[in-house]
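In: My questions are about this predicted structure, shown below with the sequence.
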Amino acid sequence: MANFRMGPDTHVVPMTLFRNNRNKLASVLRESSGIRAKTSYVLLKGGKEVSFNDTDVNYPFRQESYFQYLFGVKEPNCYGVLHVESGKSTLFVPRLVEEYATWFGRLRSLDEFKAMYETDEVLYVDQLKMFFEKASPTVLLTLSGRNSDSELDSKPAYFPGIEKFKIDEEFLYPIIAECRVVKSAEEIEVLRYVAKISSEAHIKVMQFMRPGRREYEGESVFLHHCYAVGGCRHTSYTCICASGVNTAILHYGHAAAPNDRITKDGDMCLFDMGANYCGYAADITCSFPVNGKFTEDQKFIYNAVLAARNAVLTKARDGVCWVDMHKLANRVMLTHLKAGGMLKGDVNDMLDAGLAGIFQPYGLGHLLGLDVHDVGGYIKGQPKRPSEPWLKCLRFARLLKAGMYLAVEPGCYFVGWLMDRATAEPALSQFLNVQMFERFRDFGGICIEDNILITMDGCENFAVLPRTVEEIEKVMAG
């Protein structure tokens, strides 16, 4: 049986994972009205190599996610075809000149590609037109739709001569996106593995960090473990390695802030990092004191976030509304902030006023899988994005379903302009004990992010990490 594996101690991903995904999509399409399965074909184009500006150097290649979902192919510039009625798959690979082997290695034969990826047939890309002329399809289903997170559109497959055939660019997208939402047993094991490797790497970072080390030193420890031990060549996103006031910047680590601050005694660190294996993502965040010991203020905020996280992990299960989980997390966090003296008044009134959005200006979490913000959050036939200001950043608003996999990331942040707004608006400031609130102006933020699988009667957390104050201090001391 063919498989993907990066080394003898890394996870084995069987090619049956992708074959089963193809069968799942074909089955759903056959049950859908509006197409003739016998003469309908799915046509996808894989990712292409992207050059660094105008040079002959390329960025590290990452396969296009929908193509990865159906074919699991490592190589760029491929096409994939799926016959809806039979489920027969055909992979199309580039026809390369012999000289290619000098620079990039021996050319594989079509039979080798067929064995490697367990497709029914392999042809060359330049045979696409001839293939469809022989097949006489009623329609080619290509992929075009808008990603609700990025607001960018997927680009439908094209090849010279495609104009001769009837194309439907809209039918496929919501169906294949929905197929990706509920994970198969084989996908779950890949996700479990990449979360395990990421968790181990986070612990290595916690034990490594100390005052005086730069944020990127911690990042390098994470990257080394994920690759050297886990075989994870890629991360799922740019690592966020924030300390001190930088922890209030939600997407710190970007080009203008490249994880380069020197940590200081008394800082909190917020490290949001996730490895990627065979295209599947982890997304885990740990918050910890760089010196290994929490101050009383750090304990206060951390425990408020931890209580919110615990409440969600207790209640999340099949049939529960994700919007209700966001509300629950925020209610619990505000209740703890009130109990500690930062807030006053009725917590339900605080929620109605949108005060929670001052402390957590983003949604509770998101679907997770082949993309770190995975598809299926807002597609045709699913609930629309809430309009309330403190809910509009939710990346999905669905009822949870067994087999969904998602990131849960409650947080409490002290962001300067949001603090200014809270103190300036009477509707919000009435709930603040302003003097104590202002004491945290340079505190930064705390986030706890886990990766959970929804089951019929609860959830399973794949992020295996120290989470209580006592556990973190013990691990960092050890």
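Out: Yep, that arrived.
In: surely Tyr227 meets Arg233?
Out: Yes. Contact criterion CB atoms under 8 Å: Tyr227 and Arg233 qualify, at 6.1 Å. Any C-beta I mention is one placed from the backbone N, CA and C, and that applies to glycine too.
In: center of this protein, which residue is that?
Out: Val372 (1.3 Å; CA atoms, centre = their mean).
In: quick one: contacts for it?
Out: By CB atoms under 8 Å, 6 or more residues apart in numbering, the contact set of Val372 is 236-237, 274, 281, 283, 366, 407.
In: Check what contacts stretch 250-264 and list those residues.
Out: Under CB under 8 Å, 6+ apart, the answer for stretch 250-264 is 209-216, 218-219, 238-244, 246, 249, 269, 290, 361-362, 413, 445.
In: any idea how far Ala456 lies from Gly403?
Out: If you look again at residue 456, you'll see it is Met, not Ala. 10 Å (CB to CB, to the nearest Å).
In: So for those two, which sits in the more crowded spot?
Out: Gly403 (17 against 10; other CB atoms under 10 Å).
In: so who does the more buried one touch?
Out: By CB under 8 Å, 6+ apart, the contact set of Gly403 is 181-183, 188, 453-454.
In: Closest one to Ser429 out of those residues, please.
Out: Using CB to CB, Ile454 comes nearest to Ser429 of those, at 38.4 Å.
In: For stretch 398-412, buried residues please.
Out: 398, 400, 403-412 (16 or more other CB atoms under 10 Å).
In: quick one: which of the residues you listed is nearest to Tyr100?
Out: The nearest one, if we look at those relative to Tyr100 and count by CB to CB, is Tyr405, at 38.3 Å.
In: neighbouring contacts of the host helix or strand of that closest one?
Out: Using DSSP states H and E, Tyr405 sits within strand 405-408. Defining contact as CB under 8 Å, 6+ apart, one finds that strand 405-408 is touched by 183, 188, 191, 283, 309, 312-313, 316, 325, 364-369, 372, 374, 449-454.
In: Narrow the residues you listed to those in helices?
Out: Members of the contacts of strand 405-408 lying in helices (criterion: DSSP state H): 188, 191, 309, 312-313, 325.
In: Check the residues you listed and tell me the two furthest apart.
Out: Ile188 and Arg309 (21.5 Å).
In: From the neighbour counts alone, determine which of those two ranks first.
Out: Arg309 (24 against 16).
In: about what we covered before: can you flag the buried ones in the contacts of stretch 250-264?
Out: Buried among the contacts of stretch 250-264 by 16+ other CB under 10 Å: 209, 213-216, 218-219, 238-244, 246, 249, 269, 290, 361-362, 413, 445.
In: tell me the contacts of Ser429?
Out: 422-423.
In: For the helix or strand encompassing Asp111, buried residues please.
Out: Asp111 is part of helix 110-117, with elements assigned from DSSP H and E. Neighbour counts over helix 110-117 (16+ other CB under 10 Å) mark 113-114, 116-117 as buried.
In: again, but for stretch 66-83
Out: Those would be 66-73, 75-76, 78-83, for stretch 66-83 by 16+ other CB under 10 Å.
In: Narrow the residues you listed to those in helices?
Out: With helices taken from DSSP H, the overlap with those comprises 66-71.
In: and which of the residues you listed is nearest Phe92?
Out: Closest to Phe92, out of all of these and judged by CB to CB, is Phe71, at 10.3 Å.
In: quick one: the closest one and Gly47 touch, right?
Out: No. Using CB under 8 Å as the test, Phe71 is too far from Gly47 to be in contact (11.2 Å).
In: Mind pulling up the pLDDT for Ser387?
Out: Ser387 carries a pLDDT value of 89.
In: domain assignment for the protein?
Out: 3-180, 185-477 (automatic domain parsing).
In: Highest mean neighbour count out of those?
Out: The highest average neighbour count among these, using mean count of other CB atoms under 10 Å, belongs to domain 185-477 at a mean of 19.
In: roughly how far is it from the heart of the chain?
Out: On the basis of CA atoms, centre = their mean, to the nearest Å, domain 185-477 sits 13 Å off its chain's mean C-alpha point.
In: go on, stretch 86-102?
Out: That offset, for stretch 86-102, works out to 30 Å (CA atoms, centre = their mean).
In: So what touches it?
Out: So stretch 86-102 is contacted by 19, 22-23, 26-27, 70-71, 73, 75, 77-83, 107, 110, 113-114, 117, 119-128, 131 (CB under 8 Å, 6+ apart).
In: Please narrow the residues you listed to those residing in strands.
Out: Counting by DSSP state E, the contacts of stretch 86-102 place 79-83, 121-124 in strands.
In: Distance to His202 added to these, as a markdown table?
Out: Shown next, in a markdown table, are these (distance: CB to CB, whole Å):
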| residue | distance to His202 |
| --- | --- |
| Tyr79 | 38 |
| Gly80 | 35 |
| Val81 | 41 |
| Leu82 | 38 |
| His83 | 44 |
| Glu121 | 43 |
| Val122 | 40 |
| Leu123 | 44 |
| Tyr124 | 44 |
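In: so where does the nearest residue to Lys327 once chain neighbours are set aside fall, helix or strand?
Out: Distances taken as CB to CB, 6 or more residues apart in numbering place Leu351 nearest to Lys327, at 6.8 Å, with adjacent residues excluded. Using DSSP H and E, Leu351 maps to helix 347-353.
In: Convert the following helix or strand past that helix to PDB, retaining C-alpha atoms only.
Out: Next helix or strand after helix 347-353 toward the C-terminus (DSSP H and E): helix 356-359. Only the C-alpha atoms of helix 356-359 are listed here, as PDB (Å, rounded to 0.1, in the frame of the first residue of the first chain):
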ATOM      1  CA  ALA A 356     -16.500  41.200  25.800                       C
ATOM      2  CA  GLY A 357     -15.200  42.500  22.500                       C
ATOM      3  CA  ILE A 358     -12.900  44.900  24.300                       C
ATOM      4  CA  PHE A 359     -11.100  42.000  26.000                       C
END
